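> Give me coordinates for this.
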Amino acid sequence: MQPRETDADAIRRSLRAPEAFRIVFERHFEPVHRYAQQRSGLDADEVAAETFVRAFAARARYDLRRPDARPWLLGIATRVMLGRWERERRARTAMNGAAGVAAAEPEARALPRAVAVALAALRPDDRETLLLLAWADLSYEQIASALDVPVGTVRSRISRARRLLRARLAETSTPEGSRRV
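Take a look at the predicted model:
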């Protein structure tokens, strides 16, 4: 049996024969789409499509020493979503004429209110790191690759995010906290 071609091999081949990138698309479209669906709801099709368009355009810069392109693709998807949310936030602010007006992050659509509020209270870098671990099922090393940060940074972000989420959820689960929610 012949060994399966790695994503890096397919990307390398796609530099000469662009249709070879189809292998990467077919392998990873569903996980990227699923992650985008969990994070952004209804525009997951657009996020996944834009992710692969950007990945195809950037394939010459892919680190061919990494056999699995999933972390790279999820990093691109994360940046696509963050860019969209920032543009939406600016548009809402301009329409409402008030700098402080912003809706809850899109992941709030599918989560219990207390969890969505706790996630929204996290620093964006901590939230993205935690959600790549929880929803995209990436390892710390893969998250580091996706976000282009050291593994130690991933560890500290996840630790901080977990600690803050626990504290925030503990506050809302107390009798006094539940009356406020």
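
> ok, the residue nearest the centre of the chain - contacts?
Nearest residue to the geometric centre of the chain (CA atoms, centre = their mean): residue 78, 3.6 Å. By CB atoms under 8 Å, 6 or more residues apart in numbering, residue 78 lies in contact with 128, 132, 146, 147. C-betas here are computed from N, CA, C, even on glycine.

> and the helix or strand containing it, average pLDDT?
Assigned by DSSP states H and E, residue 78 belongs to helix 70-96. The average pLDDT within helix 70-96 is 80.

> Chain neighbours aside, what residue packs nearest to residue 13?
Nearest residue to residue 13, sequence neighbours excluded (CB to CB, 6 or more residues apart in numbering): residue 20, at 3.9 Å.

> Residue 9: how many residues sit nearby?
When neighbours are counted by other CB atoms under 10 Å, residue 9 registers 16.

> Equivalent analysis for residue 155, please.
Should you count by other CB under 10 Å, residue 155 turns out to have 14 residues around it.

> That one: what's it in contact with?
residue 140.

> and it, which of the three is it?
Assigned with DSSP: H, G, I helix; E, B strand; the rest coil, residue 155 falls in the helix class.

> Equivalent analysis for residue 66, please.
coil.

> pLDDT value on it, please?
94.

> Name the nearest residue to it, ignoring sequence neighbours.
The shortest distance from residue 66 to any non-neighbouring residue, by CB to CB, 6+ apart, is to residue 8 (6.1 Å).
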